[in-house]
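A.B. asks: Provide a 3D model corresponding to the input given below.
(one chain, ligands or ions: 1)
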Amino acid sequence: MRVLANHRITRFDAWARAAGPGKSRFPEVFDTLPKFRILAFAFAAMMLLPTGIAAGQDDQPSSTQNQPITIQPLSTAQPAETPLATSGLPQVLEARVSSTADRARLVVDLSQQSEFALVSLSEPNRIAVDVRAERQKAVDQVEPAAPSGEGLIADYSVQQLGSERVRTTLELSQPAQVQQAYVLEAFDDQPARLVVDIIPATPEVFAANVERDLQQASSTEQPTPAVETVPGGSNIAAQSRPLIVIDPGHGGIDSGAEADNGVKEKDIVLDFALKLQDILLESGRFDVALTRQDDTYLRLEQRVMLARQNRADMFISIHADSFQQPEIRGASVYTRDENATDVLDKVLADQENKADVIAGLAAPHMAPQVVDILVDLLRREMRVQSYLAAQSIVHQLEPSVELRRFPVRQADFFVLQAPDVPSVLIELGFLSNNQDAANLMQGEWRDRTANAIARGISTYFDDARTATQMADTAQ
Ligand SMILES: [Zn+2]
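C.D. replies: Numbers count the residues shown, from 1 in each chain. Next up is the predicted model:
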């Protein structure tokens, strides 16, 4: 690892171009603060990890991503025959809410894309989501099935306000804020959808949002249209610029999987990684580096070392492998199997290397036993962080692409073993499945998937920061 120190600098020169408008971030700015602030939160989360997330039994293609849509979109061919087409306004077809203690999501199905506005209201605490649309009248699917009553959203209702506005009012069981709001175009059998993600907020943040929206409302009659959250962006202000290291799998003599038509995994994942890098850089919230930017062969340990040496805040390996069963399809996100043997353990046997892992966290000349404990703590925390990152990414992939059954998985992937960098491996799909292979070669699918992953990355960092903020307030 010592030898790699110089290597790091030269790599980083190569990466400067990749960093584009974002700043190249150098290792000395390793930010110990968030990592330790979220320790308590991380351990609490670990206790809540569902068991059996890696259960791969009876693996079947997933079709759980959305409820079937019972209402046909408007037929533009025969507008006179359908009473719904009279105004030409988008129609709200259905609204659904899912809610847990940590987050909630409102999905509004639309006959076509439309504008929306977000308003925070107090007494009682609510978030109202307005869509420029009219409510679907022919078949009343809009009546919500009430959520369980637990979690962030206590109840919600949908109503037509005036002739051009449909308002979904979310009653909050605690102060909350909009994390992301965006409109997805219609694709496959899915209609256009407005997706609004909501997470807890401190009372102060919520009160400030209510005040802001009140002032806006007094100056204009209609709520100001909200700006869609860009992929990789957030409605919550960022405080730092995390470094994301993207690792396109395979390369050079190692082609990875191959589709029937000869397209190679190494080329697909490189193209995808470059796209993801562009999206993340454009959001202005991240520094981004790639382990390879061309058709280069890299050893697995080099990939891990590049992330570690540069103090990456997240490592994302991108693959599109083959599977023995060609019917298996869909995207999935892996974290490292807890029972996997770490090859790095051999490296870490050297006390000096251990000290290197916890550099910045420990005082110099610490007793070896203390160093051991710290390394172990850090590694356990990274496991939790990796799992949370995988969950965030899957949560954003969910409305955008076909997911594999049990999409958050664990496996013994060598590249996921950094003890100090949250690491995930994304299987975009399987080249052994014809539908997946067709998708992987389709620009529109790749854009949508890369956008969703960028959203997942930004929500992961938001959540960590919000959790810290909430913990501070609670004290
Ligand atoms: Zn692969």
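
A.B. asks: Just list the residues touching the closest residue to the ion within the chain, thanks.
C.D. replies: Per C-beta to the ion, His319 is where the chain lies closest to the ion, at 3.5 Å. In short, each C-beta sits where N, CA and C put it, glycine included. By C-beta atoms under 8 Å, 6 or more residues apart in numbering, His319 lies in contact with 249-250, 256, 265, 269, 425-428.

A.B. asks: what residue ranges in the stretch 251-400 of the chain score low on pLDDT?
C.D. replies: 340-364 (pLDDT under 70).

A.B. asks: Can you pull the residues of it lying near the ion?
C.D. replies: 256, 319, 321 (C-beta under 5 Å from the ion).

A.B. asks: Among these, which lie within strands?
C.D. replies: Under the assignment DSSP state E, those contribute His319 to strands.

A.B. asks: tell me which of the residues of the stretch 251-400 of the chain next to the ion is nearest to Pro175?
C.D. replies: His319 (40.1 Å; C-beta to C-beta).

A.B. asks: before we move on, back to that, and which of the contacts of His319 is nearest Ala186?
C.D. replies: Nearest member of these to Ala186, counting by C-beta to C-beta, is Leu428, at 21.6 Å.

A.B. asks: can you pull the contacts of the residue nearest to the closest one when sequence neighbours are not counted?
C.D. replies: Leaving aside its sequence neighbours, Leu428 sits nearest to Ala320 (C-beta to C-beta, 6 or more residues apart in numbering; 4.7 Å). The neighbours of Ala320, taking C-beta under 8 Å, 6+ apart as the test, are 256-257, 265, 268-269, 272, 427-431, 436, 440.

A.B. asks: follow-up on the earlier one: and the residues of the stretch 251-400 of the chain next to the ion as a markdown table, adding distance to Ala226?
C.D. replies: As requested, those are exported to a markdown table (distance: C-beta to C-beta, whole Å):
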| residue | distance to Ala226 |
| --- | --- |
| Gly256 | 41 |
| His319 | 36 |
| Asp321 | 39 |
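
A.B. asks: tell me which of the residues of the stretch 251-400 of the chain next to the ion is nearest to Asp197?
C.D. replies: Out of those, the member with the shortest distance to Asp197 (by C-beta to C-beta) is His319, at 26.6 Å.

A.B. asks: Bridge partners for that closest one, pull those for me.
C.D. replies: For His319, the beta-bridge partners are Glu427 (DSSP bridges).

A.B. asks: What of Tyr156?
C.D. replies: Bridge pairing for Tyr156 - DSSP bridges - gives Leu170.

A.B. asks: check which helix or strand covers Ser96.
C.D. replies: Actually, residue 96 is Arg rather than Ser. strand 91-99 (DSSP states H and E).

A.B. asks: helices or strands up against the helix or strand harbouring Val166?
C.D. replies: Using DSSP H and E, Val166 sits within strand 165-172. When contacts are defined as 3 or more C-beta pairs under 8 Å, 6 or more residues apart in numbering; DSSP states H and E, strand 165-172 packs onto strand 91-99, strand 104-110, strand 126-132, strand 153-161.

A.B. asks: can you redo those as CSV with mean pLDDT, mean neighbour count and distance to Val415?
C.D. replies: Output for these, formatted as CSV (pLDDT from 0 to 100; neighbours: other C-beta atoms under 10 Å; distance: least, C-beta to C-beta, whole Å):
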stretch, mean pLDDT, mean neighbour count, distance to Val415
strand 91-99, 91, 22, 32
strand 104-110, 95, 23, 31
strand 126-132, 95, 22, 40
strand 153-161, 89, 18, 38
